[in-house]
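>>> quick one, fold the following:
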Amino acid sequence: MQISAPCVVSLTWRLEDTQGNLIDDLEEPVEFYYGGDDLFASVETALLDQEAGCTTKLQLEPEHAFGLYDADLVCFEDRAMFPEHIETGMQFDGLPEGSTTQGMPLDAIYTITEIYSSHVVLDGNHPLAGIALRLMLKVDDVREATDEENENRSVGNSAVSVLATVPPSSRMH
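As a prediction, this is how the structure comes out:
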C-alpha cells in the first residue's frame, strides 16, 4: 500500500542534532496517522507515495520541527511555590499555582532550567525548539486508518511526545 492521506504508518527512526548527537532512537515501530496531526508536514511530504520498507533521511530546520526558540517563554517564579525537592530538567504542566507571571501560556509544559535560593527559572519552549535535526526514517508498515482514527486525525501517539527529550517520569503534575 502506498502512503497517502489518510492512512497509518508504522515508523522507526534515529534522530540526531546536526552535530550527530543522538536525541532519540526509536527501534520498535510506532504508528502515526498520516494526513492528520501526528507528523510534521515535512515528514509527511517525504513519505508521500512511499511504501513499507522505504528509508529516507531528512534535515528538519527548527521552523519545520519544534519551532524557533522564543525567549518570551522563559520566566522566573518564586522558589517557595515549588516542592522542596526539585531538579533542573523537571517539567511542570502549566505554571505553579499562585503564579503572578503575566502573559505566559497556561497550557505549556515548563522545564526547570535553573534553581536559585530565591527563584526558579522556567522555560516553556519545547526542549528541541531552535535546534535543526537530522531524522533517519524507516517505514515498517502502512495500513488503512480506522473510522475512529480518521475522526480523531490521530492514532493517539504524537511525534512531539515520542521525541520529547525529558522522560515523562520527570514531569510534575
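>>> quickly list the domain ranges of this protein.
The chain breaks down by automatic domain parsing into domains covering 7-66+128-168, 71-123.
>>> and stretch 75-88, end to end?
This stretch, stretch 75-88, spans 14 Å end to end (Cα to Cα, to the nearest Å).
>>> can you pull the buried residues of that stretch?
Neighbour-count burial for stretch 75-88 flags Cys75, Glu77, Phe82 (criterion: 16 or more other Cβ atoms under 10 Å). Just so you know, the C-beta spots here come from the backbone N, C-alpha and C atoms, and that holds for glycine as well.
>>> return the most buried member of the domains of the chain.
domain 7-66+128-168 (a mean of 16; mean count of other Cβ atoms under 10 Å).
>>> so how far is that one from its chain's centroid?
Its chain's C-alpha centre and that of domain 7-66+128-168 lie 10 Å apart, by Cα atoms, centre = their mean, to the nearest Å.
>>> what is the mean pLDDT for that domain?
Taken as a whole, domain 7-66+128-168 has a mean pLDDT of 89.
>>> list the strands paired with the helix or strand Leu122 falls within, with their directions.
Using DSSP states H and E, Leu122 maps to strand 119-123. With DSSP bridges as the test, strand 119-123 is paired with strand 74-78 (antiparallel), strand 109-115 (antiparallel).
>>> sorry, back to before: quick check: which of the domains of the chain is nearest to Met1?
For the domains of the chain, proximity to Met1 was assessed by Cβ to Cβ; domain 7-66+128-168 is nearest, at 4.6 Å.
>>> could I get the full set of helices for the protein?
For the chain, the helices defined by DSSP state H occupy 41-47, 147-152, 159-163.
>>> will you turn those into TSV that also has distance to Gly67?
Below are the helices of the chain laid out as TSV (distance: least, Cβ to Cβ, whole Å):
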stretch	distance to Gly67
helix 41-47	13
helix 147-152	23
helix 159-163	11
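>>> closest to Gly98 out of those?
Nearest of these to Gly98, taken as Cβ to Cβ: helix 159-163 at 27.9 Å.
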